[in-house]
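Enquirer: Pasting the sequence and the predicted model now:
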Amino acid sequence: MPHTISDLLRDAARVLAEAGVPDPTVDAELLAGHVLGMGRGEVQAAVVRGDAVADGEADALAALVSRRSTREPLQHITGTAPFRHLQLAVGPGVFVPRPETETVVQFAIDALLASATPEPIGIDLGTGSGAIALAMATEVPHSRVYAAEVSPEAHAWARRNTAGADNLTLELVNLGEAFARLEGRADVVISNPPYVPDAAIPRDPEVRLFDPALALYGGEDGLDVVRIISRRALALLRQGGTVVLEHGELQGAQIREILEGDGWLAAATHRDLTLRDRATTAVRP
């Protein structure tokens, strides 16, 4: 008896819900789309039509649903993660880019667009998959973007994602020493650093078990890497340049204190679309 997409999705969503997956119906549709070579909207249209699925495709979907039920990240299973207009390759060893970072990178893009220089310079410290750097490079094509990553595993993913971006330079380097040749020249420095305190183990298994610790934990108060980036950005930016830091929703005041203590001007914390504090910006004196 043929399997209908509707039946398979219902069974998949039930399995995922029982496993505690936050959005079981969405994930079931995305996994089905991955197996069938369809977008999510096409899968939903196929449900309305009552389309059938071959046995091999049904088995393939069941295997992926089984993996997702162990709380393996959806993006590791499909091998891709969306970010703004991009589709990024991701997998073990690299932090999966989050939707909230899409709003944070806008501050850096705006700073590049506002620059009066013909080739504004943007620097991404701790690029991970390359999401932030590639967004800047592709959305501000007249800019020069430089991305630094300290993890060899993450650097390999970033190299794959940024290949072909002629205005983007990627380096495997200690963040506190990155891009000495650019000191005093950058228009914006942005970072989504590790900011989870060492003792604050994330609840979600997808984060706790699969995101690399190097991308999550930032010392006793979570802000060790923020302190490094504050000092490095002061050296890299020209006068009037902007630093942009992503952080946890309760860390804005601490980060402003760090920036102001280092001599930054106009430190301000900004909310994301869920009205949670998400990013802090400041201006180099």
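Expert: Noted; the coordinates are in hand.

Enquirer: Excluding chain neighbours, what is closest to the most centrally placed residue in the chain?
Expert: Nearest to the geometric centre of the chain sits residue 97, at 2.1 Å (CA atoms, centre = their mean). In this structure, residue 97 finds its nearest non-sequential neighbour in residue 131, 4.0 Å apart by CB to CB, 6 or more residues apart in numbering. All C-beta spots, glycine's among them, are computed from the backbone N, C-alpha and C.

Enquirer: what's the burial count for that neighbour?
Expert: 31 (other CB atoms under 10 Å).

Enquirer: host element of the residue nearest to the centre of the chain?
Expert: Assigned by DSSP states H and E, residue 97 belongs to no helix or strand.

Enquirer: on that earlier part again, how much space is there between the residue nearest to residue 97 and residue 70?
Expert: Here residue 131 is placed at a distance of 25 Å from residue 70 (CB to CB, to the nearest Å).

Enquirer: quick revisit: hmm, residue 83 and the residue nearest to residue 97 touching each other?
Expert: Yes: using CB atoms under 8 Å, residue 131 is in contact with residue 83, at 4.4 Å.

Enquirer: Need the residues touching each of those two.
Expert: Listed as contacting both residue 131 and residue 83 by CB atoms under 8 Å, 6 or more residues apart in numbering are 97, 101.

Enquirer: what residue ranges in this structure score low on pLDDT?
Expert: 1-2 (pLDDT under 70).

Enquirer: how about residue 267, secondary structure?
Expert: strand (DSSP: H, G, I helix; E, B strand; the rest coil).

Enquirer: what sits against it?
Expert: 255-256, 259-260, 280-282.

Enquirer: Which residue is the nearest non-sequential neighbour of residue 264?
Expert: Nearest to residue 264 is residue 282, by CB to CB, 6+ apart, at 3.8 Å.

Enquirer: coming back round to it: contacting residues for the residue nearest to the centre of the chain?
Expert: If you count contacts by CB under 8 Å, 6+ apart, then residue 97 has 81, 83, 88, 90, 128-129, 131 around it.

Enquirer: Please apply the same query to residue 49.
Expert: Contacts of residue 49 by CB under 8 Å, 6+ apart: none found.

Enquirer: any idea how far it lies from residue 8?
Expert: Counting by CB to CB, the gap from residue 49 to residue 8 is 14 Å.

Enquirer: now residue 203
Expert: Relative to residue 8, and taking CB to CB, residue 203 is found at 30 Å.

Enquirer: Between these two, point out the one with more neighbours.
Expert: residue 8 (22 against 7).

Enquirer: hang on, isn't that one packed against residue 59?
Expert: No: Residue 8 is beyond contact range of residue 59, at 10.4 Å (criterion: CB under 8 Å).

Enquirer: For residue 123, give the beta-bridge partners.
Expert: Residue 123 has the following beta-bridge partners by DSSP bridges: residue 146, residue 189.

Enquirer: Next, count neighbours for it.
Expert: So residue 123, with other CB under 10 Å, has 30 neighbours.

Enquirer: Much appreciated, bye for now.
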